[in-house]
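1. Take this sequence and fold it.
(chains A, B, C and D)
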There are 2 protein chains.
Amino acid sequence: MDQPEHRPPPSRKTGRPLSFDRDAALEQAMLTFWRHGYETTSIVDLTTAMGVTAPSLYTAFGDKKRLFLEAARRYAGDPEAMAQAIDAAPTAHDAARAMLTAAATAYTGETTPKGCLLASAAASGSAASADVQGVIADFRRSIDGRLRARIDRDIEAGLLPPDTNPAAWAGLVMAVTQGMSVLARDGAPRASLLAIADVALQGWPG
Amino acid sequence: MDQPEHRPPPSRKTGRPLSFDRDAALEQAMLTFWRHGYETTSIVDLTTAMGVTAPSLYTAFGDKKRLFLEAARRYAGDPEAMAQAIDAAPTAHDAARAMLTAAATAYTGETTPKGCLLASAAASGSAASADVQGVIADFRRSIDGRLRARIDRDIEAGLLPPDTNPAAWAGLVMAVTQGMSVLARDGAPRASLLAIADVALQGWPG
DNA sequence: CTTCTTCCATAGCGTTCGATATGGAACGCA
DNA sequence: TGCGTTCCATATCGAACGCTATGGAAGAAG
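-> From the prediction side, this is the model:
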């Protein structure tokens, strides 16, 4: 995640300032990757959507890979925020349900592409993009770990039976989340995903 | 699914016969698409894996899209077979559990790529491959419909409570199936997926 | 062996890919 | 106004893309 980084806004003092809104351009890049995936989005696709020429894109964002990672970071938001949301929920069950309903809602936005950027953008790819896939997989693993730890905490606190399988339930939440992204891409409406999220936790222990 | 089809084996009477095993070559193509996806697999990738030159590939399989669709058909097997398996199960619950455990097992094969070819090969893509994504989405919808109908049948037969939501439970099975493919690609072992499949149906009504 | 069909191998078609070299215009600063 | 810096626009770069034209070799049929 932090290899040869490209300084995004070194805040130049002199010279001609940027003629485009870097943040707005990044937003458009994110939407384009969200719609078409990482490798299957071309530089021309990006420059068209961003309203920027190729040289400007490269000076502002480094290269395609760094642009994608920055867009992905913008999409996912602060990882620590989500981690704290999981920890701050009253129970692990509440955290899981909040995650699923939030995903169901986010994947079926009317002004955004369907599904999850992280789930679909790098679901497959050539060997050249293995590192991008790895970054996204690490992100998923960190969420899974947080959720598992939250379930562990509830077990120790006596909120969940001792024979509860934390890895299985955390994994189920992750799997349903990723699966809903596929269904959303297939055209499933928001109500369907919310119904799935509801029954997914029907067997939650306790 | 049945647009300008390419006759695969017109069974020529005369002329020089094929010097390679068409079936074995298709198998390798399937594995390559499975590993790297549809658009992110190049013709060179395919010819290398199949041990066949480009002109031979084109005369034998039409073009890249037709080769992929044929490989996908080979991967998924006979759709009617899976449909009959769902119908023939003792209960919808049995059918769902069988689907999930079969998926968990298939996605973590030791001699095959991880995950599901259909789930990862066209999870995203440019507008040019929208039809390929559509074919796969149709396949998913047909399974979902069969499973939903199976649940309906169990409700009518009194095996499930009348207030059971067939779409939600069928959707859950589909979502968990697709989600397990992502987790398998991330490296989740078979035991983890089987545990997820187990808890997924914990809240099954009845 | 001749003929006819089909396949294989080489080479290359035109296009698009990600990424840049170059030159002039725009701006901050003095 | 003049200087130094930075950005934008044009025009590509070499490589890889999907795909195919062409010519000779291989095999089946007579």
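2. For the helix or strand containing residue A:68, the averaged confidence score.
-> Using DSSP states H and E, the element containing residue A:68 is helix A:64-76. In this model, helix A:64-76 carries a mean pLDDT of 97.
3. repeat for stretch A:20-32
-> 97.
4. what about that stretch and DNA strand C, touching?
-> No. Using Cβ under 7 Å from any atom of the strand, we find that stretch A:20-32 stays clear of DNA strand C, coming within 11.0 Å at best. Backbone N, C-alpha and C define where each C-beta goes, glycine included.
5. element containing residue A:161?
-> Counting by DSSP H and E, no helix or strand carries residue A:161.
6. Does the residue nearest to it when sequence neighbours are not counted belong to a helix, a strand or coil?
-> Closest residue to residue A:161 apart from its sequence neighbours, by Cβ to Cβ, 6 or more residues apart in numbering or on different chains: residue A:205 at 5.2 Å. Recorded secondary structure, residue A:205: coil (DSSP: H, G, I helix; E, B strand; the rest coil).
7. re earlier: and the next helix or strand after the helix holding residue A:68 with helix A:64-76, angle?
-> Sequence order places helix A:79-88 as the next helix or strand after helix A:64-76, per DSSP H and E. Interaxial angle, helix A:79-88 versus helix A:64-76 (axes from the mean of the first three to the mean of the last three Cα atoms, to 10 degrees): 30 degrees.
8. name the helices or strands packed onto the following helix or strand past helix A:79-88?
-> Reading on from helix A:79-88 to the C-terminus, the next helix or strand found by DSSP H and E is helix A:92-106. Packed against helix A:92-106, as judged by 3 or more Cβ pairs under 8 Å, 6 or more residues apart in numbering or on different chains; DSSP states H and E, are the following elements: helix A:79-88, helix A:130-156, helix A:166-185, helix A:190-200.
9. Is it possible to get those out as CSV so that each row also shows mean neighbour count and distance to chain B?
-> What follows is the helices and strands packed on helix A:92-106, written out as CSV (neighbours: other Cβ atoms under 10 Å in any protein chain shown; distance: least, Cβ to the nearest Cβ, whole Å):
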stretch, mean neighbour count, distance to chain B
helix A:79-88, 14, 16
helix A:130-156, 17, 4
helix A:166-185, 26, 3
helix A:190-200, 21, 4
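10. How far does the helix or strand of chain A with the lowest mean pLDDT sit from its chain's centre?
-> Least confident helix or strand, chain A: helix A:79-88 with a mean of 94, by mean pLDDT, DSSP states H and E. Taking the mean of its C-alpha atoms, helix A:79-88 sits 14 Å from the chain's own mean (Cα atoms, centre = their mean, to the nearest Å).
11. Ok, stretch A:179-198 next?
-> The chain centroid and the centroid of stretch A:179-198 are separated by 16 Å, computed with Cα atoms, centre = their mean.
12. what residues does chain A put near DNA strand D?
-> Residues of chain A lying close to DNA strand D (Cβ under 7 Å from any atom of the strand) are A:12, A:14-20, A:52-56, A:59-60.
13. Which of those sits closest to DNA strand D?
-> Taking Cβ to the nearest atom of the strand as the measure, residue A:15 is the one of the residues of chain A next to DNA strand D closest to DNA strand D, at 2.2 Å.
14. Count the neighbours of the closest one for me.
-> By the criterion of other Cβ atoms under 10 Å in any protein chain shown, residue A:15 has 5 neighbours.
15. quick one on the thing from earlier: touching DNA strand C at all, the helix holding residue A:68?
-> Yes. Applying Cβ under 7 Å from any atom of the strand, one finds that helix A:64-76 is in contact with DNA strand C at A:64-65.
16. follow-up on the earlier one: turn the helices and strands packed on helix A:92-106 into TSV, columns for distance to DNA strand C.
-> Below are the helices and strands packed on helix A:92-106 laid out as TSV (distance: least, Cβ to the nearest atom of the strand, whole Å):
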stretch	distance to DNA strand C
helix A:79-88	25
helix A:130-156	12
helix A:166-185	21
helix A:190-200	31
